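Asks: build me a model from this:
(chains A and B)
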Number of protein chains: 2
Amino acid sequence: MALKNKVQSVVVSVWRNNALFLSCSRTISTFATGFDNKILKSPSLVSLDIPDVWSSNSAGYSESSTYKPAREHTARVIDGKQIAEEIISNVANEVTRMKKTIGKVPGLGVILVGERKDSLTYVRNKIKACEEAGIKFKLTEFSDSCTEDEICDAIMQFNVDQSLHGIIVQLPLPRHLNEEKIFDVLKLEKDVDGFHPMNMGNLAMRGRKPLFIPCTPKGCVELLIRYGVEIMGKKAVVIGRSNIVGLPASLLLQRHHATVTIVTALTANPEEIAREADILISGVGVPNMVRGSWVKPGAVVVDVGTYPIEDTSCEQGYRLIGDVCYEEASRVASLITPVPGGVGPMTVAMLLHNTLLAAARKYNFV
Amino acid sequence: MALKNKVQSVVVSVWRNNALFLSCSRTISTFATGFDNKILKSPSLVSLDIPDVWSSNSAGYSESSTYKPAREHTARVIDGKQIAEEIISNVANEVTRMKKTIGKVPGLGVILVGERKDSLTYVRNKIKACEEAGIKFKLTEFSDSCTEDEICDAIMQFNVDQSLHGIIVQLPLPRHLNEEKIFDVLKLEKDVDGFHPMNMGNLAMRGRKPLFIPCTPKGCVELLIRYGVEIMGKKAVVIGRSNIVGLPASLLLQRHHATVTIVTALTANPEEIAREADILISGVGVPNMVRGSWVKPGAVVVDVGTYPIEDTSCEQGYRLIGDVCYEEASRVASLITPVPGGVGPMTVAMLLHNTLLAAARKYNFV
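Replies: Numbering: from 1, shown residues only, chains lettered A, B, ... in the order given. Predicted coordinates:
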């Protein structure tokens, strides 16, 4: 696949819609009072942020685990691939109808930084799905050593590009780049990944609606609904609290009236808490962390984690495995998503759905 | 106390900073696609919102409860009143310093709708505290039958009033008023209650900071910190998921690295879940719902609920009681907040702190 660098360092100044967000975040990131520790004992929130380091130790698994797999039982497999295909096909129908009715098609701008194999695969899948659905896409690539300003400039070009209704920045970004600064530039109405704090706040708050629900949690809940899993009143445990998976998944499940617990790398007894879940969603990126002993018999297990491991027998030289030890968990759960073929394709399908939604909103196409 | 109506129905059009927020929320509230149910099975989020009806039944308490109070034990009482006074006194010192240094004082605009006794008491307490701290305040009152537009006009006047750095709308509002519409008008930089979705999103997301942390959760965490309660790695259970207490409390505790579970009125076994909490925060407004049997021995109990019950022996003709059955819970917990005199005064103190912060940010006063 040819991924061409189409970047031009033109500063686009016509993005006033986001000026307020930028000014807010810049104010808070540079503003520090001298009186704070004179009055309150509470520390600043950003100073509290520490990396979530998950390890086999924090996973709490040991050979002497009480887990005894029931070899005769096998969970029903949630076919994310098939459902995603169905959704993409339906999106394609709507795109065709839009083109016929108003002569427009949805467009997606994609920013890709660096050459991570998994990111390349994800972007390739997204482009392929766009092509399937008749959605136009524009790709802008950067090297690992690019600057924030270069990325922001590219986003600003996408912001004003009338043919693009959605914009995504493929994560993770190289560590030297400030994710917050980059996302603050992205026009809210084109934030089809739903990562803008305004979208997240509206997802969290009862009575409100975000412009876009983040694709991965939206895909997880769509799978649950399609497989007839009741969410209301059920105990859901979300392992991981990333801004792109764990946090929005917990917020979305709350909006669906589950009783939600968020397990972090600092949780003392993650296995015990996970085992209480009727619905267990894991998104931490630690291969096989969730063992069979973490799963309540009959629970529904949704594995968002993807981790590339070297495998020369595969075409790409690696294959993806999940957070969940599938072999063990599938003997305990009632329903389970595989990796690959579970949540991954749904994330892509939901991205197309959000892009269609963005275009439909712009053109008032119903 | 004289609460005078100072409303003028002047439409102020100089509040462009919030135009984007308004346009977003209006777009989503009026925009509905025809293809949504053709492609996804997931319902719209706002359609999912149902009232949280807590009852003695959902509280799960019965006479045959296994709760056996240890009469000899009494929890240490968290003195919110004393800590709040200390904070207000420190805010007052900073206000004096600000006045001396730059000739300015912080100002707070308060919108009060209707004549609920509890709201009148809260507003009276806030005004009294502002006076103590040397913070200017402006009060605008409305009758129960006022319109959204009247309130929005008043907020817009406050938005452009250079002497006001914070604005609050005392909740709850009468049912005929759309809270979302009213809060969307409020200028983000003056949202000292922290109820704007942009603030909520930034509170939720790691790596980000809201302009203001909502006062009640901020007060709860300040109490925990002052009493040496470790939050990191502890199990916290938040009962209730209101936009003003339960939701931001759960988000703030997560930022402090607790393992948080949010119990709703639809949770099947609230008592059982609450009993697992090292830190139990309740904010539902159902008197005495949280019994002694809901509390893990040694847990820290923070009672945000306030409920006015008639009591002719009191000056106001009523007194406030909390969500927690104090008599029972104090025999099980290690630390407990009373009602009144626990979280209530802290909410007021934090409002003053946020107002000071807003003014300091505006004048770059450190």
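Asks: residues from the stretch 51-200 of chain A in reach of chain B?
Replies: Residues of the stretch 51-200 of chain A found near chain B (Cβ under 8 Å from any Cβ of the partner chain) are A:87, A:90-91, A:93-94, A:97, A:179-180, A:188-189, A:196-200. Placement of C-beta: from N, CA and C, glycine included.
Asks: same thing but at 6 Å, please
Replies: Within reach of chain B by Cβ under 6 Å from any Cβ of the partner chain, the stretch 51-200 of chain A has these residues: A:Ile87, A:Asn90, A:Glu94, A:Glu180, A:Pro197, A:Met198, A:Met200.
Asks: quick check: the farthest pair among those residues?
Replies: Of all pairs drawn from those, the greatest distance, 34.7 Å, lies between A:Asn90 and A:Glu180 (Cβ to Cβ).
Asks: of the residues of the stretch 51-200 of chain A next to chain B, keep whichever come out buried.
Replies: With burial judged by 16 or more other Cβ atoms under 10 Å in any protein chain shown, the buried subset of those is A:Ile87, A:Asn90, A:Glu94, A:Glu180, A:Pro197, A:Met198, A:Met200.
Asks: go through those residues and flag which are in helices.
Replies: Within these, residues falling in helices by DSSP state H are A:Ile87, A:Asn90, A:Glu94, A:Glu180, A:Pro197, A:Met198, A:Met200.
Asks: how about those in a markdown table, adding distance to A:Leu356 and pLDDT?
Replies: Output for these, formatted as a markdown table (distance: Cβ to Cβ, whole Å; pLDDT from 0 to 100):
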| residue | distance to A:Leu356 | pLDDT |
| --- | --- | --- |
| A:Ile87 | 10 | 96 |
| A:Asn90 | 9 | 96 |
| A:Glu94 | 6 | 96 |
| A:Glu180 | 28 | 90 |
| A:Pro197 | 24 | 95 |
| A:Met198 | 21 | 95 |
| A:Met200 | 21 | 97 |
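Asks: show me where pLDDT drops low in chain A?
Replies: Residues of chain A meeting the criterion pLDDT under 70: A:1-32, A:55-71.
Asks: quick one, domains of it?
Replies: Chain A breaks down into these domains under automatic domain parsing: A:104-194+A:348-363, A:214-343.
Asks: what's the end-to-end length of the first one?
Replies: With Cα to Cα, to the nearest Å as the measure, domain A:104-194+A:348-363 spans 9 Å from end to end.
Asks: what do you get for the last one?
Replies: The distance separating the two terminal residues of domain A:214-343, taken as Cα to Cα, comes to 13 Å.
Asks: before we move on, the earlier item: with respect to B:Leu112, which of the ones in helices among the buried ones among the residues of the stretch 51-200 of chain A next to chain B is nearest?
Replies: The closest of these, once distances to B:Leu112 are taken by Cβ to Cβ, is A:Met198, at 27.9 Å.
Asks: once you drop chain neighbours, what's closest to the closest one?
Replies: Excluding the flanking residues, the one nearest A:Met198 by Cβ to Cβ, 6 or more residues apart in numbering or on different chains is B:Met198, at 5.0 Å.
Asks: surely that neighbour is in contact with A:Asn199?
Replies: No: judged on Cβ atoms under 6 Å, B:Met198 makes no contact with A:Asn199 at a distance of 9.9 Å.
Asks: would you map the strands across chain A?
Replies: Listed in chain order, the strands of chain A (DSSP state E) span residues A:76-77, A:107-113, A:136-142, A:166-169, A:235-239, A:259-263, A:279-282, A:300-303, A:307-310, A:318-321, A:335-336.
Asks: now the fifth one against strand B:259-263, angle please.
Replies: Our comparison of strand A:235-239 with strand B:259-263, counting by axes from the mean of the first three to the mean of the last three Cα atoms, to 10 degrees, yields an angle of 150 degrees.
Asks: how about the residue nearest to A:Met198, what does it touch?
Replies: Counting by Cβ atoms under 6 Å, 6 or more residues apart in numbering or on different chains, B:Met198 makes contact with A:Pro197, A:Met198, A:Gly201, B:Leu188.
Asks: for it, give its distance to A:Ile213.
Replies: According to Cβ to Cβ, to the nearest Å, B:Met198 and A:Ile213 sit 17 Å apart.
Asks: got it, and A:Asn202?
Replies: Between A:Asn202 and A:Ile213 the computed distance is 10 Å (Cβ to Cβ).
Asks: also A:Cys130?
Replies: Using Cβ to Cβ, A:Cys130 is found at 19 Å from A:Ile213.
Asks: make sure A:Ala129 is actually in contact with A:Val348.
Replies: Yes: the pair A:Ala129 / A:Val348 is scored as a contact, 4.8 Å apart, by Cβ under 6 Å.
Asks: would you check that A:Thr267 makes contact with B:Thr259?
Replies: Yes: between A:Thr267 and B:Thr259 there is a contact at 4.4 Å, judged by Cβ under 6 Å.
Asks: so which of these two has more stuff around it?
Replies: Neighbour totals were compared for A:Thr267 and B:Thr259, and B:Thr259 leads with 27 against 23 (other Cβ atoms under 10 Å in any protein chain shown).
Asks: mind listing what that one touches?
Replies: Contacts of B:Thr259 by Cβ under 6 Å, 6+ apart are A:Thr267, B:Lys235.
Asks: recalculate using a threshold of 8 Å.
Replies: The contact partners of B:Thr259, by Cβ atoms under 8 Å, 6 or more residues apart in numbering or on different chains, come to A:Thr261, A:Ile262, A:Val263, A:Thr264, A:Leu266, A:Thr267, A:Ala268, A:Ile273, B:Gly233, B:Lys234, B:Lys235, B:Ala236.
Asks: quickly note the distance from it to A:Val160.
Replies: Applying Cβ to Cβ, the value for B:Thr259 to A:Val160 is 44 Å.
Asks: contacts only, for the closest residue to A:Leu40 other than its chain neighbours.
Replies: Once its chain neighbours are removed from consideration, A:Leu40 has its nearest residue in B:Glu222; the separation is 5.9 Å (Cβ to Cβ, 6+ apart). Applying Cβ under 8 Å, 6+ apart, we find B:Glu222 in contact with A:Leu40, A:Lys41, A:Ser42, B:Ile83, B:Ile87, B:Met346, B:Met350.
Asks: re earlier: of the domains of chain A, flag the one that's most buried.
Replies: Most buried of the domains of chain A, by mean neighbour count (mean count of other Cβ atoms under 10 Å in any protein chain shown): domain A:214-343, with a mean of 22.
Asks: hang on, the earlier thing: can I get the buried ones among the residues of the stretch 51-200 of chain A next to chain B in a markdown table with distance to B:Pro287?
Replies: Formatted as a markdown table, these follow (distance: Cβ to Cβ, whole Å):
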| residue | distance to B:Pro287 |
| --- | --- |
| A:Ile87 | 47 |
| A:Asn90 | 50 |
| A:Glu94 | 51 |
| A:Glu180 | 43 |
| A:Pro197 | 36 |
| A:Met198 | 36 |
| A:Met200 | 34 |
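Asks: A:Gly298: which of the residues you listed is nearest?
Replies: A:Ile87 (27.3 Å).
Asks: can you name the residues that contact that closest one?
Replies: Counted by Cβ under 8 Å, 6+ apart, A:Ile87 has contacts A:Glu222, A:Met346, A:Ala349, A:Met350, A:Leu352, A:His353, B:Ile39, B:Leu40.
Asks: what touches both of A:Ala129 and A:Val348?
Replies: Common neighbours of A:Ala129 and A:Val348, using Cβ under 8 Å, 6+ apart, are A:Ile88.
Asks: quick one: the helices in the stretch 251-366 of chain A, in order.
Replies: Secondary structure of the stretch 251-366 of chain A by DSSP state H, counting those that start in this stretch: the helices cover A:270-274, A:326-329, A:343-363.
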